[in-house]
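# got a sequence here, can you model it:
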Amino acid sequence: MTVDPEALAELIVRRHLTVAVAESLTGGMLSSRFAQAPGASEWFRGGIVAYASEVKHDLLGVGPGPVVSRQAAIDMVNGVAKLLDASAAIAVTGVGGPGPQDDQPPGTVWVGVLTDGHAQALLLKLAGSPAEICRRTCDRCLELFYERLEG
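Numbers count the residues shown, from 1 in each chain. Just a heads-up that it's a prediction; the model follows:
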């Protein structure tokens, strides 16, 4: 499923949401996708690129332990929603490669989604070069976010 940016923006506006993004692996690519949606200035609060593990811990409130994990994605999504005062948020942390991180192979991606006051994390297993993994991660994040907002 490819998410139409206009349909996503309409859904966000219809639900009267504000949106924030926390990302590591994708380095700003996901925030850029939201910023390109129609009317984003009305609902997109912003994004935080927390590439270094220390930034995830210090700024977003990720607890001790590996940053490529379910708990890190949940901490990131809750942290960015609080920092940017958003009613909905999405966060992504993972391994693009070429080597592993936190004993996880390239293509391991955790996505945190916060909607209706509830955070959850989903695991993706993606293949490809680091650039392909980043692109596929952004595509899947938009799909997951749309699905969660739709109900």
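
# longest helix in the protein, by residue count?
Secondary structure assigned by DSSP state H gives helix 130-150 as the longest helix of the chain.

# tell me what that helix is packed against?
With contacts defined as 3 or more CB pairs under 8 Å, 6 or more residues apart in numbering; DSSP states H and E, the packing partners of helix 130-150 are helix 5-14, helix 29-35, strand 88-94, strand 108-115, strand 118-125. Every C-beta, even on glycine, is put in place using the N, C-alpha and C of the backbone.

# quick one: closest of these to Cys138.
Closest to Cys138 of the helices and strands packed on helix 130-150 is helix 29-35 (CB to CB; 5.0 Å).

# buried residues in the closest one, which are they?
Met29, Leu30, Ser31, Arg33, Phe34 (16 or more other CB atoms under 10 Å).

# swap in stretch 94-107?
Gly94, Val95, Gly96, Gly97, Gln101, Gln104, Pro106, Gly107.

# could you do stretch 124-144 as well?
Leu124, Leu126, Ile133, Cys134, Arg136, Thr137, Cys138, Asp139, Arg140, Cys141, Leu142, Leu144.

# what does stretch 38-53 give?
So stretch 38-53, judged by 16+ other CB under 10 Å, has buried residues Ala40, Trp43, Phe44, Arg45, Gly47, Ile48, Val49, Ala50, Ser53.

# which ones are touching the nearest residue to Ala81 once chain neighbours are set aside?
With CB to CB, 6 or more residues apart in numbering as the criterion, Ala81 has its nearest non-adjacent residue at 4.0 Å, and that residue is Ala89. Contact analysis of Ala89 by CB atoms under 8 Å, 6 or more residues apart in numbering lists Val19, Ala20, Val21, Ala22, Val77, Asn78, Val80, Ala81, Gly112, Val113, Leu114.
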